[in-house]
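> model the following, please.
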Amino acid sequence: MPKNIAIITYFLILLLLFTFSCYAQLPDSEDVNLLTELSQLTADVFYQETLETRMAFEFSDDFFTEEDKLLLYTNAQRTLDHLTDVSRQLNDIKNKIEAHQGDDWEQRFGRTGLWRKVSQQLFTTKLNACSIKFYIALSAPKKKQQPFTVDLLKKIDELEKENSSNLLKLIRAKTFALINAENPRQKLKLQKQLQKLSLDPHINKKLNILITIEALKLTNRPQDEKLIALARDIIKSSYKSDPHIVLPAAFLLRKHNKTEQYKLMLESDPRIRKLASNITLRWLTEGNNTTNPLDAELAAQAAINKNPEKYSTLLLRLAESNTAANPLVDFAAAMAIADTNDPLAVNLLINVSNIHADQPCDFLKSTPRQISTKAVELAYKIFLNDSNQCDLTHAAFENYFDLAGDEPKPKIIYTYAQVLTLCGQADLANKWLMKIPPESGIYWKKARLDLLSAFIPEALGGDMAIRASLLLSLTDLLTEINSCTYSDPISTLLHSCLEDIEILESETDIYDKTISDAKIISKFIYNCKKNRTNIAILAEYSALDSKTNKKQLALIRSIFIQDQNDTAAVDTLSLRALARVSQRNGQFDDAATLWGMVVKANTSKNNTSKPAWKWWRAKYYHLLCSFNTSTPKMDIEHVIDVLLASNENIPAPWQQKLQELKQKCHVQF
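Predicted coordinates for the structure are as follows:
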């Protein structure tokens, strides 16, 4: 780890400075403290950096890869070199203290305890070096292992002459076990030695546990009572969070199928479980198999924290054999294939959310509702790519609503309504849309837009007031939501209102508001879909709106004319729109001609002896525009007289409008 390497480098620099200064003056407590800290830090960094590699060896009694073995060997050799340097400096200090002949020796080194401290730290550093040497021997190539073990045993013997240590006895036993790994008789002998050693009343608790672990490791079939007692002692001890004690014992329990105790030990500290999870995942990815549900759970937990997709093959295999219905395993598998649009991921998430709801899993960070939300999101993504996945998507949404209770997210309700509509269940979709509360903000507005748009086909054949009211309701929603989803039905509604808009003229406020809002919507719809119908609708509403200025009308007319020139045939809607624009611009000759064409078009469409409402509207505007040209007023009055005399029950408001126009002609005539 860069931080730890930097710390060691810093201390080594201090050590170098200390080496030069040490020759100039007698050592003091600061010199010893510096070396003591460096000795301990060097050992600690090694154990921290190699923790997972060493514990992986404990897990499987072998290294996972040659790279692991080389990593441990390299780190151990480097650490040993550093400790050797520290030992040399401590030994120099010890020699210098012992060589001092001054009268102040007792005051300097005796009473202060400095000589004793140096001696103890020198022994401790050599003891640490022996522990590191064991890992050099462990990770050395088989052909080179013997020289390392011989050297290690020699160093142990030398140290024991200085000070008897139970830890040295443990290291010696572990070294002999390494040498005699294939010799059952020697292993039994070592086991008995360790058992005897563990009975020493002066041995500390931590070392006693480590000795017990090593003794049990040497036994092919340790007694269940001893394994359970070991687990109990560790869990109750102050070392229950120390991975160097917990993990070797836990992996020993796993090896002998004590799954319940194994699980309890891993749960003693989240860091220990995380490390065990990482090791288990690595072991399984190296091609090993397991029938232990806890192995699958641990591997799944590690994969979730890393990158599930990287382990998709393994996780799917574990999920397929997940007889224990472990939600963590299924969740990891689902996350591994989430980006593949595989329906299996949705089904796994649905299953996980229900199991997690019934029996909560402490290691699943997501709640059942959050998992069901993931299932919905994934199902909807799959549905967008394959509209045949209605059943899958329906199942995901229904599962979400079951778990969400009375507080489902408005966004999910709205999305489900969209799915139902596309799956041919529009009536059910509308029921869900109506469940979205007003306080939901944008999704309530979207729901209203959907519901109102769904009502358009029914409104088209209804009263003008209903259509106008619908148009007014849509205006605010469209401008806020800015969605072109319903541009076609809304265009049809706008067109429908234009067919008899004059019916509203008697109610001026409603008429003006309808025209003004319709112009806003028609402009929005035209920007959504720029076609001949939509530009004609925009042009007509713009001409009808008294607030439209001449500059705006001119721009719309230019766009409109250009669009019409691009098409061979001109429909009635376009003729009428152009007629209204010309009329509004004061181009009455053009307007009269265009309205005349609309009259003719409606006559042919009607094809009956009784003129229709649209025919009367076109005829009225044709005569009104002619009134504003050089056409004799007497001729216009005559035409109106004939129309009034030859037709009964002329639809409102055209009979009254014709009579008013006749009066104007009469006055001017």
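> could you use CA atoms for every contact and neighbour count after this?
Noted.
> where's Arg532 relative to Leu575, distance?
As judged by C-alpha to C-alpha, to the nearest Å, Arg532 and Leu575 stand 11 Å apart.
> equivalent analysis for Lys619, please.
Using C-alpha to C-alpha, we find Lys619 at a distance of 14 Å from Leu575.
> mind listing the shared neighbours of these two?
With contacts defined as C-alpha atoms under 8 Å, 6 or more residues apart in numbering, the residues shared by Lys619 and Leu575 are Trp595.
> and after the helix or strand hosting Thr79, which helix or strand comes next?
Using DSSP states H and E, the element containing Thr79 is helix 66-99. Downstream of helix 66-99, the first helix or strand assigned by DSSP H and E is helix 105.
> please compute how far the next helix or strand after that following helix lies from its chain's middle.
From helix 105 onward toward the C-terminus, using DSSP H and E, the following helix or strand is helix 114-139. Mean-position distance between helix 114-139 and its chain equals 49 Å (C-alpha atoms, centre = their mean, to the nearest Å).
> quick one: helix 114-139 to helix 66-99, angle?
Put simply, helix 114-139 runs at 160 degrees to helix 66-99, going by axes from the mean of the first three to the mean of the last three C-alpha atoms, to 10 degrees.
> picking up where we left off before, compare Arg532 and Leu575 (neighbour count), which wins?
Remark: of Arg532 and Leu575, Leu575 carries more neighbours, 22 against 18, as counted by other C-alpha atoms under 10 Å.
> now that one: which helix or strand?
helix 572-584.
> lowest-confidence helix or strand of the protein?
Lowest mean confidence among the helices and strands of the chain (mean pLDDT, DSSP states H and E): helix 2-22, at a mean of 51.
> and the next helix or strand past that one?
Once the chain leaves helix 2-22, the next helix or strand it forms, by DSSP H and E, is helix 29-49.
> who does that next one touch, helix- and strand-wise?
Packed against helix 29-49 by the contact rule (3 or more C-alpha pairs under 8 Å, 6 or more residues apart in numbering; DSSP states H and E) you find helix 2-22, helix 66-99, helix 114-139.
> just name the most buried of those helices.
helix 114-139 (a mean of 21; mean count of other C-alpha atoms under 10 Å).
> packing partners for that one?
Looks like helix 114-139 contacts helix 29-49, helix 66-99, helix 142-162, helix 166-179 (3+ C-alpha pairs under 8 Å, 6+ apart).
> which one of those helices lies closest to Ile520?
helix 29-49 (68.6 Å; C-alpha to C-alpha).
> tilt between that closest one and helix 114-139?
Using the same axes, to 10 degrees: helix 29-49 against helix 114-139 is 20 degrees.
> pull the helix or strand just after helix 29-49 out as PDB, backbone CA atoms only.
Following helix 29-49 in sequence order, the next helix or strand is helix 51-60 (DSSP H and E). What follows is helix 51-60, C-alpha atoms only, in PDB (Å, rounded to 0.1, in the frame of the first residue of the first chain):
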ATOM      1  CA  LEU A  51      -3.300 -10.600   4.900                       C
ATOM      2  CA  GLU A  52      -5.600 -11.800   2.100                       C
ATOM      3  CA  THR A  53      -2.800 -13.900   0.500                       C
ATOM      4  CA  ARG A  54      -1.900 -15.600   3.800                       C
ATOM      5  CA  MET A  55      -5.600 -16.100   4.700                       C
ATOM      6  CA  ALA A  56      -6.300 -17.600   1.300                       C
ATOM      7  CA  PHE A  57      -3.600 -20.200   2.000                       C
ATOM      8  CA  GLU A  58      -5.400 -20.900   5.300                       C
ATOM      9  CA  PHE A  59      -8.600 -21.300   3.300                       C
ATOM     10  CA  SER A  60      -7.400 -24.000   0.900                       C
END
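> helix 51-60 versus helix 66-99: what angle between them?
120 degrees.
> helices or strands up against helix 51-60?
Packed against helix 51-60 by the contact rule (3+ C-alpha pairs under 8 Å, 6+ apart) you find helix 66-99, helix 243-255, helix 270-285.
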